[in-house]
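Student: I would like to see how this sequence folds:
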Amino acid sequence: MNIFSFFKPLYIIIGFAGVAILPACNSKDKKEVAATAGKPSGPPTSKVDGYIVKTSELTDNLELPGSIIANEATTINPEISGRLVYLNKVEGKIVGIGTLLAKIYDGDLVAQLNKLKVQVQVAEQTSKRYEELLKINGISQQEYDLAKLSINNLQADINIVRSNIMRTEIKAPFTGTVGLSNISPGAYVTPQTIITTIRQNSQLKLDFTLPEKYSGKIKTGQMVNFTAEGNTKNYIARIIAFESGIAEENRSLQIRTLIINNDGKLLPGQFVKVKTNFEPDPEAIMIPSQAVIPQARGKQVAIYRNGIASFENITTGARDSANVQVTNGLKSGDTIIITGLMSLKSGGKVQLNKMNPNK
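Tutor: Residues are numbered from 1 along each chain as shown. Below is the predicted model of the structure:
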């Protein structure tokens, strides 16, 4: 037996194994080639819709809550404590300035006044005698001066008592309508007691607050319209003043107006709806609300430039149901992306499917 005959079975086994391994290797190579062929060479291009930015006229009028106030209004409180001896029953009526509304007991003050008057008479008689004595050197100049000083002191005390008597009379500070009273004659009152109220309703004012971003659009003399609950009439008011600064608690500006066409149906404290009349902005930039991307500190839009998406910060203004005004960050002619925003990355490639210039 030669050596070839001895290893022949072994060659046959190896040959069959090689034949079996070769197809497996070929199959693996084909899969790798196929997988490699399916991979893109770079990030995929996003297909999106675009919107061409353009300017248009914007009439940005607001409807704001307001409250009517009287031209003048105050509570009526006594200046001193005491027993109420008179109360003028003029609830709901118009009274003139200086009308006596209530009276506090002043008997003790009147008695004190009469006492001082008698003392003044005696002091004046004494002063006249001293004046005659001074002429003949019967008294010194100092004694005469002290007598005159006593008269002056008594006159000063009389003025103080008269002032206190005047304070017992509670009068209307201005012409107006008197409110309801919750006290009666005989009640003991103090400066903290509210006897009644008085309002000047012949001329009414209107107060409302304006959001901070619109504060630059108002000026003194500007007109606003408003309507009241249960009243279809359109009222007009003129801006007469506004607060010197923005309120920090609500970021709004307090506005005060004077009602022009009051027909007597409006009352202080009444709720109204104010409609502003801002001049239209002919160069306003309005874009679809869906194009605005909220951020933690501001807002952004995706701008299409030469097939690339770029994210830019913007400042927004007025808005309606479908569009929002951009006050800073965009210009007319820019192309912004309005779909597929969640999958976009800054600097990523994009392809426009269609444009919506009039969306």
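Student: all helices for this protein, in order.
Tutor: 3-38, 107-135, 141-167 (DSSP state H).
Student: these: lowest mean pLDDT?
Tutor: The weakest mean pLDDT among the helices of the chain belongs to helix 3-38, with a mean of 48.
Student: how about the contacts made by A284?
Tutor: Applying C-beta atoms under 8 Å, 6 or more residues apart in numbering to A284 gives the contacts 55-58, 60, 317-318, 325. No exception for glycine: its C-beta is placed from N, CA and C like everyone else's.
Student: same thing but 6 Å
Tutor: Applying C-beta atoms under 6 Å, 6 or more residues apart in numbering to A284 gives the contacts 58, 325.
Student: not counting its neighbours along the chain, what's nearest Q300?
Tutor: I293 (4.5 Å; C-beta to C-beta, 6 or more residues apart in numbering).
Student: do the same with G66
Tutor: Nearest non-adjacent residue to G66, counting by C-beta to C-beta, 6+ apart: F208, 3.5 Å away.
Student: partner residues bridging that neighbour?
Tutor: G66, I255 (DSSP bridges).
Student: can you tell me how far it is from Q254?
Tutor: Separation of F208 from Q254 (C-beta to C-beta, to the nearest Å) stands at 8 Å.
Student: same check, this time on K349
Tutor: Look at K349 and Q254: by C-beta to C-beta, they are 52 Å apart.
Student: between those two, which is the more surrounded one?
Tutor: Q254 (16 against 13; other C-beta atoms under 10 Å).
Student: isn't that one up against G245?
Tutor: No - assessed by C-beta atoms under 6 Å, Q254 is found out of contact with G245, at 9.3 Å.
Student: ok, the residue nearest to Q300 to G348 distance?
Tutor: Taking C-beta to C-beta, one finds I293 at 14 Å from G348.
Student: pLDDT score for L87?
Tutor: At L87, pLDDT is 95.
Student: residue contacts, it?
Tutor: 102, 185.
Student: picking that back up, tell me, how many residues neighbour the residue nearest to Q300?
Tutor: 17.
Student: hmm, back to that, list the contacts of the residue nearest to G66.
Tutor: Neighbours of F208 in contact, by C-beta under 6 Å, 6+ apart: 64, 66, 255, 274.
Student: equivalent analysis for A147, please.
Tutor: A147 neighbours (C-beta under 6 Å, 6+ apart): 126-127, 130.
Student: kindly report the same for K273.
Tutor: Contact analysis of K273 by C-beta under 6 Å, 6+ apart lists 63, 227.
Student: quickly list what it is bridged to.
Tutor: Applying DSSP bridges to K273 yields these beta-bridge partners: P65, T227.
Student: ranking helices and strands of the chain by mean pLDDT, which lands last?
Tutor: One helix or strand of the chain scores below all others by mean pLDDT, DSSP states H and E: helix 3-38, with a mean of 48.
Student: shaky segments in the stretch 251-359 of the chain?
Tutor: Along the stretch 251-359 of the chain, segments meeting pLDDT under 70 span 356-359.
Student: if we go to 80?
Tutor: For the stretch 251-359 of the chain, the stretches with pLDDT under 80 are 277-281, 317-321, 354-359.
Student: which stretches of it form strands?
Tutor: 252-259, 271-275, 281-288, 293-295, 298-305, 308-319, 323-328, 335-337, 350-355 (DSSP state E, counting those that start in this stretch).
Student: can you list the strands that the third one pairs with?
Tutor: Pointing back at strand 281-288 there. Applying DSSP bridges, strand 281-288 is found paired with strand 55-58 (antiparallel), strand 323-328 (antiparallel).
Student: nearest to M342, out of these?
Tutor: strand 323-328 (18.7 Å; C-beta to C-beta).
Student: contacts for the closest one next, please.
Tutor: Residues from elsewhere that reach strand 323-328 (C-beta under 6 Å, 6+ apart): 284-287, 289, 292, 314-318.
Student: now, which of those sits nearest L344?
Tutor: Using C-beta to C-beta, the contacts of strand 323-328 come closest to L344 at V292, 13.7 Å.
Student: quick check: that closest one touching Q300?
Tutor: No - V292 is not in contact with Q300 according to C-beta under 6 Å; the separation is 7.7 Å.
Student: leaving out chain neighbours, which residue sits closest to the residue nearest the centre of the chain?
Tutor: With distances taken as C-alpha atoms, centre = their mean, the residue of the chain nearest its centroid is S252 (2.6 Å). Once flanking residues are discounted, S252 sits nearest to T209: 3.9 Å by C-beta to C-beta, 6+ apart.
Student: and that neighbour, how far from T196?
Tutor: The gap separating T209 from T196 is 30 Å, by C-beta to C-beta.
Student: K47 now?
Tutor: 75 Å.
Student: again, but for I236
Tutor: Taking C-beta to C-beta as the measure, I236 falls 32 Å from T196.
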